[in-house]
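>>> What would the 3D arrangement of this be:
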Amino acid sequence: MAANKFGRYVWLVDLIRCHPYITFKEISEKWENCGLGDGKPLPWKTFMNHKDAVQTIFDIIISCDTKRGYGYYIEDADLLEGDAFRSWLIDSYATLNQLQADKKLEKRISFEKIPSGNKFLQPILQAMRQNSVIEITHHGFGRSHPTTFLVEPYHLKVYNRRWYLIGWSVYSEDMRTYALDRIQSVVITDTEFNLPETFDIDKYFEGCVGIITDTEYDIERVVIKAYGWARKYLCTLPIHESQREITSDDESITFEFNVRPNYEFVQMLLQQTDQIEIIEPQWLKDGMCQIAENILSYYRK
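Numbering: from 1, shown residues only. Next up, the predicted model:
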């Protein structure tokens with residue numbers, strides 16, 4: 001019952017987010033047809049209760065604009081869209097609602113599976129909640145054997161179908177990133193730590209594409225030119241939040257970035273195959289040329 005109510009709250013947020021200034025009559029009609037309301041109209045009292053619950057649970061205020069036909073809208077909608085976690089939660093649960101409401105859709109929607117590492121999410125989340133140091137056994141790529149050490153868990157991040165733990169390594173006394181699928185065990189210790197008030201995950205990954213911070217790379221301006229299918233692809237799915245279109249013509253679009261042009265950024269460019277060209281900086285352009293020559297050498301053998 002509790003999960004069902006939670007789903008109703010998410011449905012209401014998602015509906016109003018997608019249809020701002022929607023009237024109660026329209027909300028009730030969509031409720032009647034969505035599968036959650038058993039084909040019945042939405043009672044006014046239930047709507048008001050759900051609206052209050054949405055504010056309590058998600059800190060999202062649903063207001064009514066009497067000047068626009070008594071249409072309901074979400075206050076500070078831009079802040080909601082800028083909140084990656086809340087947006088992801090609402091999008092995911094809204095889709096789950098539809099699957100539960102209509103079994104005909106069950107085999108018609110596919111999700112990207114994260115191969116491994118999920119079994120350690122709960123203990124790590126518990127340790128983060130308690131600010132407890134954890135002891136992990138980790139077998140990193142390129143190492144002949146696993147090692148066991150203490151970590152202060154600061155943050156969890158998903159990237160490219162992998163979960164990552166960002167935390168303070170007690171042994172090396174610096175910030176480290178650990179892939180959960182390389183962790184073999186997690187033990188929550190009795191030692192507590194204080195999460196630094198200055199820690200800001202966005203600042204930590206400033207200018208980064210992916211999960212590698214690579215502070216040895218300065219944040220600098222990178223300009224690329226996209227051709228063919230890559231033009232629209234990059235417009236609809238930017239490589240980095242700093243991506244900006246600066247010029248375009250019938251054949252290409254020129255984008256600029258302010259990033260740390262590290263290994264993962266180059267990998268993202270390589271995914272565009274022969275549809276992009278690096279314009280600047282020159283050293284990055286030279287590096288891409290070297291990669292192209294290396295690839296070509298494999299096929300010349």
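>>> what about the helices in the stretch 101-250 of the chain?
Counting by DSSP state H, counting those that start in this stretch, the stretch 101-250 of the chain has these helices, from start to end: 121-130, 201-204, 229-236.
>>> Buried residues, the longest one. List them.
Taking 16 or more other C-beta atoms under 10 Å as the basis for neighbour counts, the residues of helix 121-130 that come out buried are 123, 124, 127, 128. Bear in mind the C-beta positions are built from the backbone N, C-alpha and C, glycine included.
>>> by contact count, what packs against that helix?
strand 132-138, strand 147-159, strand 183-192 (3 or more C-beta pairs under 8 Å, 6 or more residues apart in numbering; DSSP states H and E).
>>> tell me the most buried of those strands?
Greatest average neighbour count among the helices and strands packed on helix 121-130 goes to strand 132-138 (a mean of 19), per mean count of other C-beta atoms under 10 Å.
>>> Quick check: mean pLDDT of that one?
Strand 132-138 shows a mean pLDDT of 95.
>>> What pairs with that strand, parallel or antiparallel?
Partners of strand 132-138 in the sheet, by DSSP bridges, are strand 147-159 (antiparallel), strand 183-192 (antiparallel).
>>> Any chance of a markdown table for those, columns mean pLDDT and distance to residue 206?
Putting the strands paired with strand 132-138 into a markdown table (pLDDT from 0 to 100; distance: least, C-beta to C-beta, whole Å) gives the following:
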| stretch | mean pLDDT | distance to residue 206 |
| --- | --- | --- |
| strand 147-159 | 93 | 14 |
| strand 183-192 | 94 | 26 |
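>>> buried ones in the one helix or strand residue 48 maps to?
Residue 48 belongs to helix 44-58 when assigned by DSSP states H and E. For helix 44-58, a neighbour-count test (16+ other C-beta under 10 Å) marks 47, 50, 51, 54, 58 as buried.
>>> and the fourth one, how far is that from residue 15?
Right, residue 54. 11 Å (C-beta to C-beta, to the nearest Å).
>>> By mean pLDDT, flag the weakest helix or strand of the protein.
helix 84-101 (a mean of 66; mean pLDDT, DSSP states H and E).
>>> give me the low-pLDDT residue ranges for the stretch 1-150 of the chain?
1-4, 35, 37, 81-86, 88-89, 92-111, 115-117 (pLDDT under 70).
>>> 50 instead, please
1-3 (pLDDT under 50).
>>> Neighbouring strands - and their directions - for whichever helix or strand comes after the helix holding residue 48?
Reading on from helix 44-58 to the C-terminus, the next helix or strand found by DSSP H and E is strand 62-65. Next to strand 62-65 in the sheet, as set by DSSP bridges, lie strand 71-74 (antiparallel).
>>> Could you check how far the strand it pairs with is from the centre of its chain?
26 Å (C-alpha atoms, centre = their mean, to the nearest Å).
>>> what does that strand rub up against?
Counting by C-beta atoms under 8 Å, 6 or more residues apart in numbering, strand 71-74 makes contact with 13, 16-17, 20-24, 27, 60-65, 80, all of which sit outside it.
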